[in-house]
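> Sharing a model prediction with you, sequence too.
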Amino acid sequence: LEISMASLPTEEGMCATWLVAPTIAAKADAQCESSLGWLRGMAQWHAALMCGPPAPVCLSTCGRKAQDLCCADIGGHERQALVLRGSRKSTTSLDDMVRNGSMPGSLQSELDYLASTLDGNVDPGEVLMRSVVATNVACSWTDVTRLDEMLYFWGTNIGSIDHFQMSCKQDHADFFVSHSWAEPPDWCTVMGCHAQYAEVKAAELQLVAADLAEERGLRWEEVTFWIDKCCIPQQHQLMVTCVHHIEDFLQRCDRMIVLLTWHYFSRLWCVYEWAAFLAYHDAKNLRNSVETFMRPASRDLYLNAIPNISIQHCKCHDEKDRVVLKQKIVQYYVSEDAFENFAKGTAVAMMAMTVAQIAGRSDFLFETEFVPWIKLAYDIGQNDLANALLHADPVAWRKNAGLELMVLGSGAGAWRAKFQDQLNEWFDRYLQPVLTSLKLRSVKPEALQVLGKIHSQVTMTMKKSSKLTPMKLLMEL
């Protein structure tokens, strides 16, 4: 692909942004699938702009400022992808969803019968588990028609019967999607008013699905997600039961994708999903989708959010949710403080793991992007974590992998894989033991035993699935 990189001096140093010429948009789109990993690398470069005044301006004829661009523009500049078109987020409580909803009589009867059988069922999660295929909830940033439809879907947590019927009964899902339905109140200030939160979610999930599809030899449309709007029957009292069994759904998802905006850790439901998944799964199964949202204007917002994780102060749309979640925390964790420390420590570790890929480009970026996470680990009193982070040397890893050669296209895969191998080796040797120790100190032993048994049952069920490759089965075992 023909890429133009503009480097403009700023008060803070170098400002680099990737720009795609309008004339090659079609070519970029055509090569998207074969160059998926490289395109994601481009998106990471773009989302990590080191912008300071004066703001760089796009080199094409549109003249938009760089901070108003979104990663979606990379796929086709003439399609100014995430343009605000008047759709706004809306959220409502569980009680209102049940009270205000209606559904066809046949579905009502089916769900009524299902609810009546749950009391005697030893594994309600197995009965209630559903998933939705990616093609129903995600799309490429170049698919104009589908992006319009995604505005409607991702713009509100209020679901309809049509949304529930998008999903179907499954033993497990590839990804549990964790995110905040409401966009950050300062979204336009940080991301620019041309970026639509709902469309960003749809485009990011398509990339996630495409990455997994490439790994498994599937079409990205076949990858499955667990999303509450589709997989829980709103407008039916069974919805409350499903909410109480959120842990069962987390266990039945191979991985979690977190659409990690800077206000994610200010939402109590988000924090609980994050911690619960990491209590059940290996940390490497959590995919931290933060590159799209991480930029100079949001860096400090992330750093400030994690120390402020608190059961009492994190926000809930409905205060009844806080009561429910506190009961769950008492059930599964040693104490409320232990839960909060577990959430904070894992958040710093996983954010550092993601930021390391950006920080390897230069010593300057290492100091500005990675070192603050080491300091934060010390600030929250997790010295073991800070010491593990001190062993990271992404600049050297990059040089060892030959990334300074800046190989593009099909040749990029080799050096990216080598860099990732070094990053994974550091994670396994230093971070993983710290996270395991933190889990053992935070989660009740009896809860870990129960979770281990359930996870084994889920694994045995998943082994029967024809979608799993032998390598994936070995990883699960």
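Arrived safely, thanks for sending. Given the structure is predicted, the values throughout are model-derived calculations rather than measurements.

> so for the longest helix seen in the chain, what's the average pLDDT?
Looking across the chain with DSSP state H, the single longest helix is helix 336-359. For helix 336-359, the mean pLDDT works out to 96.

> That helix packs against which elements?
With contacts defined as 3 or more Cβ pairs under 8 Å, 6 or more residues apart in numbering; DSSP states H and E, helix 336-359 has these neighbours: helix 268-280, strand 286-289, helix 319-332, helix 371-379, helix 383-390, helix 394-401, helix 412-426, helix 432-442. All C-beta atoms are positioned from the backbone trio N, CA, C, and that covers glycine.

> buried sites along that helix?
Along helix 336-359, these residues count as buried under the neighbour rule (16 or more other Cβ atoms under 10 Å): 338-359.

> Same list (the helices and strands packed on helix 336-359) but as TSV, adding distance to Tyr302.
Supplementary listing: the helices and strands packed on helix 336-359 in TSV, determined by distance: least, Cβ to Cβ, whole Å:
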stretch	distance to Tyr302
helix 268-280	13
strand 286-289	11
helix 319-332	22
helix 371-379	9
helix 383-390	15
helix 394-401	18
helix 412-426	20
helix 432-442	19
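
> which of the ones you listed is buried the deepest?
Each of the helices and strands packed on helix 336-359 was scored by mean neighbour count; the highest is helix 268-280, a mean of 24, by mean count of other Cβ atoms under 10 Å.

> ok, residues contacting that one?
Contacts of helix 268-280 with the rest of the structure, by Cβ atoms under 8 Å, 6 or more residues apart in numbering, involve 176, 178-180, 246-247, 250-251, 253, 256, 258, 264-265, 285-286, 309, 311, 314-316, 321-322, 325, 328-329, 332, 339, 342-343, 346-347, 435, 439, 442-443, 447-448, 451, 455.

> Only alpha carbons, please: show it as PDB.
Coordinates of each C-alpha in helix 268-280 appear next as PDB, following Å, rounded to 0.1, in the frame of the first residue of the first chain:
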ATOM      1  CA  LEU A 268     -19.100  -0.500  38.100                       C
ATOM      2  CA  TRP A 269     -20.500  -3.100  35.800                       C
ATOM      3  CA  CYS A 270     -17.500  -2.700  33.500                       C
ATOM      4  CA  VAL A 271     -15.100  -3.100  36.400                       C
ATOM      5  CA  TYR A 272     -16.900  -6.200  37.600                       C
ATOM      6  CA  GLU A 273     -16.900  -7.800  34.200                       C
ATOM      7  CA  TRP A 274     -13.200  -7.100  33.800                       C
ATOM      8  CA  ALA A 275     -12.300  -8.600  37.200                       C
ATOM      9  CA  ALA A 276     -14.600 -11.500  36.900                       C
ATOM     10  CA  PHE A 277     -13.300 -12.600  33.500                       C
ATOM     11  CA  LEU A 278      -9.700 -12.400  34.800                       C
ATOM     12  CA  ALA A 279     -10.700 -14.500  37.800                       C
ATOM     13  CA  TYR A 280     -12.000 -17.300  35.500                       C
END
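
> got the angle between it and helix 336-359?
With axes from the mean of the first three to the mean of the last three Cα atoms, to 10 degrees defining the directions, helix 268-280 sits at 80 degrees from helix 336-359.

> What's the local residue count around Asp300?
Using other Cβ atoms under 10 Å, Asp300 has 11 neighbouring residues.

> ok, now Lys284?
As a burial measure, Lys284 scores 15 neighbours (other Cβ under 10 Å).

> so where's the protein uncertain?
Counting by pLDDT under 70, the low-confidence segments of the chain come to 1-105, 120-122, 403-412, 450-477.

> quick one: the strands in it?
Per DSSP state E, the chain carries strands over the ranges 4-10, 13-19, 130-133, 168-169, 173-178, 224-226, 253-259, 286-289.

> gap between Asp318 and Ala182?
Distance of Asp318 to Ala182, given as Cβ to Cβ, to the nearest Å: 13 Å.

> for Leu389, same thing?
Taking Cβ to Cβ as the measure, Leu389 and Ala182 are separated by 31 Å.

> for Arg295, same thing?
Between Arg295 and Ala182 the distance, using Cβ to Cβ, works out to 20 Å.

> Quick check on Gly155: phi, psi?
Main-chain torsions, Gly155, degrees, to the nearest 10: phi -80, psi -10.

> pretty sure it is touching Lys201, no?
No - the pair Gly155 and Lys201 fails to qualify as a contact (Cβ atoms under 8 Å) at a distance of 9.7 Å.

> Same drill for the two, tell me which one is more crowded.
The residue with the greater number of neighbours, taking Gly155 and Lys201 and applying other Cβ under 10 Å, is Lys201; the counts read 24 against 19.

> what residues are up against that one?
For Lys201, the contacting residues are 150, 154, 179, 259, by Cβ under 8 Å, 6+ apart.

> For the third one, which non-adjacent residue is spatially closest?
Yep, that's His179 we're talking about. Computed as Cβ to Cβ, 6 or more residues apart in numbering, the closest residue to His179 that is not its neighbour in sequence is Leu259, at 3.8 Å.

> can you pull up the bridge partners for the one you found?
Partner residues in beta bridges with Leu259: Ser289, with DSSP bridges as the criterion.

> all helices of the stretch 151-300 of the chain, in order?
161-164, 187-191, 197-216, 228-231, 238-244, 246-251, 268-280, 296-305 (DSSP state H, counting those that start in this stretch).

> Quick one: the ones you listed as CSV, columns for distance to Arg130 too.
Below are those laid out as CSV (distance: least, Cβ to Cβ, whole Å):
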stretch, distance to Arg130
helix 161-164, 8
helix 187-191, 30
helix 197-216, 17
helix 228-231, 4
helix 238-244, 9
helix 246-251, 9
helix 268-280, 17
helix 296-305, 31
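
> Hmm, Thr354 and Glu291 touching each other?
Yes - with contacts defined as Cβ under 8 Å, Glu291 counts as touching Thr354 at a distance of 7.1 Å.

> How many residues are close by Gln449?
One way to gauge burial is a neighbour count; for Gln449, by other Cβ under 10 Å, it gives 10.

> next one: Ser298
Number of residues near Ser298 (other Cβ under 10 Å) recorded here: 21.

> go on, the one 10 residues further on?
Burial of Asn308, expressed as a neighbour count using other Cβ under 10 Å, amounts to 11.

> Verify the stated contact: it with Arg267.
No - taking contact to mean Cβ under 8 Å, the distance of 11.9 Å between Asn308 and Arg267 leaves them out of contact.

> The residue nearest to Cys253 when sequence neighbours are not counted and Cys168: what is the separation?
Nearest residue to Cys253 in three dimensions, chain neighbours excluded: Phe176, at 3.8 Å (Cβ to Cβ, 6+ apart). Distance check for Phe176 against Cys168: by Cβ to Cβ, it reads 17 Å.

> okay, these two: which has more neighbours?
Phe176 (28 against 12).

> show me the contacts for Ala173.
In this structure, Ala173 makes contact with 129, 131, 224-226, 252-254, judged by Cβ under 8 Å, 6+ apart.

> excluding its backbone neighbours, what's nearest it?
What sits nearest to Ala173 in space, not counting adjacent residues and going by Cβ to Cβ, 6+ apart, is Ser131, at 3.7 Å.
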